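Colleague: could you look at this predicted model? Sequence included:
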Amino acid sequence: MCGIAGVIHRGRNSNVGGQMTSMLQALKHRGPDSTGFAIYGEAQRGVYVLRFKLAEKEDMDRGFQIHGMIEARLAEVERRMAERGVVVEERDSATPYARRYRIRFDGDMGELARYIEDIDGAEILSIGNALELVKDLGDAETVSGEYCLGTFTGTHGIGHTRMATESDVDIRSAHPYWAFPYNDIAVVHNGQLTNYWIMRRQMERIGHRFLSSCDSELLAVYTAHNLNNGVSLEESLERSIREIDGVFTYLVATHDQLGMAKDTMAAKPLVLYESDELIALASEEVAIRAILPEEIDTYDPYDEETRVWQA
C-alpha cells in the first residue's frame, strides 16, 4: 500500500522537517515498516552533505562484533575520502550505523561515491548541496526523533511510509531513493513497475548503479539519467508515462523543484492542495490536514497528469 507525501514553499523557507514528520505520521497506517525523508535546505556552493550508513539497523543485535566492524568501515571511509582530497567540515552520527558529513570536494563526485561504496557494508544514502536524505525502520515520529528532523528548515521535501511487499524490511529497501551519483535528486513512489527488470538492465548497461531490488529505485535513476542528459523535469515526467509500465504515482524532488506523475490508469491515490505560497501532496487528505487543519480545497490529479512546482 505505502504512503507518499510532499510539500514545497514558494520563495521562502519553512519548517519542512516538522511538516513532513506530521504528514508522514498521519500516513503511518499505510506503511508501518519504515519511513523516509528527503528534505531540502539552503545550498552552499562547493559544500555537500553526505549521508551514509555502515550497517543495517537489525545488524546491531550482533553487539560488540558489529560495533567493531562499523568502526573499521568508518576508518576506511575516512581514509578513502582523505586520499581523494575531501575536506570534512562537520561530522554527526544520529545512530551507531548512520553518519552525516558536511564536506568540501571539487573532484569527480561519482568516482568518490563508487570508491566509498566499494567498502563492504558502506552505502551512500545521498550527496547534495541542498538534499539530506534520511530513512530508517519505524514510524515518522520515531525516525524524525532519532535524526533530529523536527526543526529542519528548508523550502521543500518528500517522504514515504513503506509497507514491504516484494523486498526486505531494511534501510536499503526503504524510500526515498537518491539517484547515484547525481546531487539533489530524490524519488518516492507508490505502485508497481511491471517493466522494472527490462529498464533496470538498460540503465545498468549504460553505467548506472542500483543498490536495492526495489522497483522504485528505477524511477530515481531514470529521472537522474534524463536530467543529466539535458531533459527538463517536466519532460522526464511526461516521458515516464509513456516509457514505464505499471500502476504508479510518484513524486520527484530536485534542488529547487517538486514534481508528480500518475500513470494512465491512475490507480494509486494522490490528493493535492495548492495556494500561492504552498503546495502539499499526499496519498490521503488526512496528511495534508495534519499541517493545514483549516478549511481548504483539495483535488485528485487525473490519469497521466504531471505537474512541476518551483521553490
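Modeller: Great, that's in hand. Numbering: from 1, shown residues only.
Colleague: and the helices in the stretch 201-311 of the chain?
Modeller: 216-228, 233-243, 285-289 (DSSP state H, counting those that start in this stretch).
Colleague: contacting residues around Tyr115?
Modeller: 80, 84 (CB atoms under 8 Å, 6 or more residues apart in numbering). For every residue, glycine as well, the C-beta is placed using N, CA and C.
Colleague: A helix includes it, no?
Modeller: Yes - looking at Tyr115 with DSSP: H, G, I helix; E, B strand; the rest coil, it is inside a helix.
Colleague: what count of nearby residues applies to the closest residue to Ala140 other than its chain neighbours?
Modeller: Distances taken as CB to CB, 6 or more residues apart in numbering put Leu24 closest to Ala140, at 3.6 Å, once the chain neighbours are dropped. For Leu24, the tally of surrounding residues (other CB atoms under 10 Å) stands at 30.
Colleague: let me see the ranges of the strands in the stretch 1-150 of the chain.
Modeller: For the stretch 1-150 of the chain, the strands defined by DSSP state E, counting those that start in this stretch cover 3-9, 34-40, 47-53, 87-95, 98-104, 123-128, 131-137.
Colleague: isn't the residue nearest to Ala140 up against Gly138?
Modeller: No - in this structure, Leu24 is not within contact of Gly138 by CB atoms under 8 Å, at 11.0 Å.
Colleague: Ser296 and Glu284, how far apart?
Modeller: Quick fix: residue 296 reads Ile, not Ser. 14 Å (CB to CB, to the nearest Å).
Colleague: these two - which one has more neighbours?
Modeller: Higher neighbour count among Ile296 and Glu284: Glu284, with 18 against 13, using other CB under 10 Å.
Colleague: now the more buried one. Its backbone dihedrals?
Modeller: phi -140, psi 150 (degrees, to the nearest 10).
Colleague: on the pLDDT front, check it for me.
Modeller: For Glu284, the model assigns a pLDDT of 96.
Colleague: do Pro269 as well
Modeller: At Pro269, pLDDT is 93.
Colleague: with adjacent residues omitted, what lies nearest to Thr161?
Modeller: Gly31 (3.5 Å).
Colleague: now swap in His67 and tell me
Modeller: Pro96 (6.6 Å).
Colleague: kindly report the same for Met109.
Modeller: Pro181 (5.6 Å).
Colleague: the residue nearest to Arg73 when sequence neighbours are not counted: neighbour count?
Modeller: Using CB to CB, 6+ apart and skipping residues adjacent in sequence, the residue nearest Arg73 is Leu54, 4.6 Å away. For Leu54, the neighbour count with other CB under 10 Å is 25.
Colleague: is Leu54 in contact with Ala122, as I believe?
Modeller: Yes - with contact defined as CB under 8 Å, Leu54 counts as touching Ala122 (5.8 Å).
Colleague: next, show the common contact partners of those two.
Modeller: 73, 77.
Colleague: which of the strands of the stretch 1-150 of the chain sits closest to Ala267?
Modeller: Judged by CB to CB, the one of those that comes nearest to Ala267 is strand 3-9, at 14.0 Å.
Colleague: find the centremost residue of the protein, please.
Modeller: Pro176 (2.8 Å; CA atoms, centre = their mean).
Colleague: verify the stated contact: that residue with Asp184.
Modeller: No - in this structure Pro176 lies outside contact range of Asp184 using CB under 8 Å: 11.9 Å.
Colleague: give me the number of residues near Thr223?
Modeller: 28.
Colleague: same deal with Ser34?
Modeller: So Ser34, with other CB under 10 Å, has 23 neighbours.
Colleague: check contacts around the residue nearest to Thr161.
Modeller: Gly31 neighbours (CB under 8 Å, 6+ apart): 1-3, 160-163.
Colleague: equivalent analysis for Leu149, please.
Modeller: Contacts of Leu149 by CB under 8 Å, 6+ apart are 17-18, 20-21, 37, 39, 134, 143.
Colleague: and which of the residues you listed is nearest Val86?
Modeller: Among those, and counting by CB to CB, the member closest to Val86 is Val134, at 21.1 Å.
Colleague: who are the contact partners of that closest one?
Modeller: Val134 sits in contact with 36-37, 39, 51, 94, 98, 125, 143, 147, 149, where contact means CB under 8 Å, 6+ apart.
Colleague: tabulate those residues in a markdown table, adding columns for distance to Ala280 and pLDDT.
Modeller: Listed next are these as a markdown table, based on distance: CB to CB, whole Å; pLDDT from 0 to 100:
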| residue | distance to Ala280 | pLDDT |
| --- | --- | --- |
| Gly36 | 18 | 96 |
| Phe37 | 15 | 97 |
| Ile39 | 14 | 97 |
| Arg51 | 24 | 95 |
| Ala94 | 26 | 87 |
| Ala98 | 28 | 95 |
| Leu125 | 24 | 93 |
| Val143 | 20 | 95 |
| Tyr147 | 22 | 95 |
| Leu149 | 17 | 96 |
